[in-house]
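Trainee: Sequence isn't available, so here's the structure alone:
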């Protein structure tokens, strides 16, 4: 998967920490689609915090197309994840 992720312009991911962090470290535009059946999970906490900091666009399955459009627009205002 890393080769495909490096080649991608935009990545759509689930809420797993490993997938999210890999995409952010690669400086990719990231849309995370959360499973609303898992509301209250640790995955959702991570996604909400990174969304609040403008590192990714948050989506649900029903709003995925709109989230992708938002992430690829000039007005998305996404902030690169800092190097540590």
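Mentor: Yep, that arrived. Fair warning: this is a prediction, and the values are worked out from it, not measured in the lab.
Trainee: quick check: longest helix of this structure.
Mentor: Ranked by residue count and defined by DSSP state H, the top helix of the chain is helix 42-52.
Trainee: The next helix or strand after that helix packs against which elements?
Mentor: Following helix 42-52 in sequence order, the next helix or strand is strand 57-59 (DSSP states H and E). Here strand 57-59 touches strand 29-33, helix 42-52, helix 64-72, going by 3 or more CB pairs under 8 Å, 6 or more residues apart in numbering; DSSP states H and E. In short, each C-beta sits where N, CA and C put it, glycine included.
Trainee: Can you tell me what sits against strand 57-59?
Mentor: 12, 29-34, 47-48, 51, 66-68, 70-71, 76, 78 (CB atoms under 8 Å, 6 or more residues apart in numbering).
Trainee: can we see that at 10 Å?
Mentor: Residues external to strand 57-59 that are found in contact with it (CB atoms under 10 Å, 6 or more residues apart in numbering): 10, 12-13, 15, 29-34, 44, 47-48, 50-52, 63-73, 76, 78.
Trainee: Please consider this matter closed, and thank you.
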